[in-house]
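> Fold the stuff below for me.
(one chain, ligands or ions: 1)
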Amino acid sequence: MTDWSQRLKRKQDVKDRANVPNHMYGYCRVIHCGRPARAGTSDGLDERYCRAHADHNQRHGSPLKGSYTARELNPYRRAALAWIVAHEDNRWVQNAVQRVQGLYQQAGPYIEAFRLRGLPPQDRAKAALARLRQHGTDPRLVVAAWLAVELVILDDPQPVTSTEYKRVQAAKVVHRMASGSHRRWVREVPSPVWPGQKQAQVQELHVYPRSRGRVLRHLGEALESAVELLVDHHLTDVHAFKREQGATGASGARPYPRGWVSRPRSKDDEEK
Ligand SMILES: [Zn+2]
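As a prediction, this is how the structure comes out:
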């Protein structure tokens, strides 16, 4: 309980600070913005930007550049996956896959999406990885997601090259793989009428865990650490492979070839 009251107190402190106009913080760092930097987003203080730019930064990992769309990313995800499958014996591919499996194993217990509220960002990032594990998401899809973000940034004529942007973009893709629960199941609950007896109860779940803020930073950092050696050794090869593939024209409509899904065990496999 002390942990809880400490959190409450910290929350109050943050609120108090956010409510006091602090002239020390000056102006938003976005050039020509001109608005005062406002500490006071819901996900902690951001002293660098005005409210609008801080909010944008939380969602996308950059105060100005938006997120890549699925249509932009899909050809890269497919190319990265195809390259991974073609190089499964490569030690750095194996290394990355094992590290993603390591993240799954260290992610702690599976937490239903509706229990995530109030958990600190780091725990919610772990919960996202636990959801992937629970759904049996192939680690190669996670590796491919990171590589896809690296590749799309390489090909972007006006890229944002910050670590934060890369992490957030990859984390958004991976977060989406395991999120958006629309599930219905039956479970046994104690009977309200007959003590000691059980009865079946239909449960439904329609929850999208929030995909923004520090959760994405933590998740992105974990993903980066899993794939970084593969990136160091082979990103240029994957990039060359994508360029060759691009000539033959891979469709951007799907993130994976037919037969691949990110959530093999559930009914709502289709990704948008
Ligand atoms: Zn601004």
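
> Wait, residue 165 touches residue 61, no?
Yes. Under the criterion of CB atoms under 8 Å, residue 165 makes contact with residue 61 at 4.1 Å. All C-beta spots, glycine's among them, are computed from the backbone N, C-alpha and C.

> Spit out the contact partners of the residue of the stretch 51-200 of the chain found nearest the ion.
Residue of the stretch 51-200 of the chain nearest the ion, by CB to the ion: residue 53 (3.6 Å). By CB atoms under 8 Å, 6 or more residues apart in numbering, the contact set of residue 53 is 28, 29, 30, 33, 35, 63, 64.

> helix, strand or coil for the closest residue to it other than its chain neighbours?
Once flanking residues are discounted, residue 53 sits nearest to residue 63: 3.9 Å by CB to CB, 6 or more residues apart in numbering. Under DSSP: H, G, I helix; E, B strand; the rest coil, the three-state class of residue 63 is coil.

> Likewise for residue 187?
At residue 187 the chain is in strand, as set by three-state DSSP.

> Help me confirm that it comes into contact with residue 203.
Yes. If you go by CB under 8 Å, residue 187 and residue 203 touch, sitting 5.7 Å apart.

> Now do the buried residues in the helix or strand where residue 126 lies.
Using DSSP states H and E, residue 126 sits in helix 121-134. Of all the residues in helix 121-134, those buried under the rule 16 or more other CB atoms under 10 Å are 121, 123-134.

> List, out of the residues you listed, those positioned next to the ion.
Restricting the buried residues of helix 121-134 to those near the ion by CB under 5 Å from the ion leaves nothing, as none qualifies.

> can those residues go into a markdown table with extra columns for distance to residue 77 and pLDDT?
Converted to a markdown table, the buried residues of helix 121-134 look like this (distance: CB to CB, whole Å; pLDDT from 0 to 100):
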| residue | distance to residue 77 | pLDDT |
| --- | --- | --- |
| 121 | 25 | 91 |
| 123 | 27 | 93 |
| 124 | 24 | 91 |
| 125 | 21 | 93 |
| 126 | 23 | 94 |
| 127 | 23 | 92 |
| 128 | 18 | 92 |
| 129 | 18 | 95 |
| 130 | 22 | 94 |
| 131 | 19 | 91 |
| 132 | 15 | 93 |
| 133 | 20 | 94 |
| 134 | 22 | 91 |
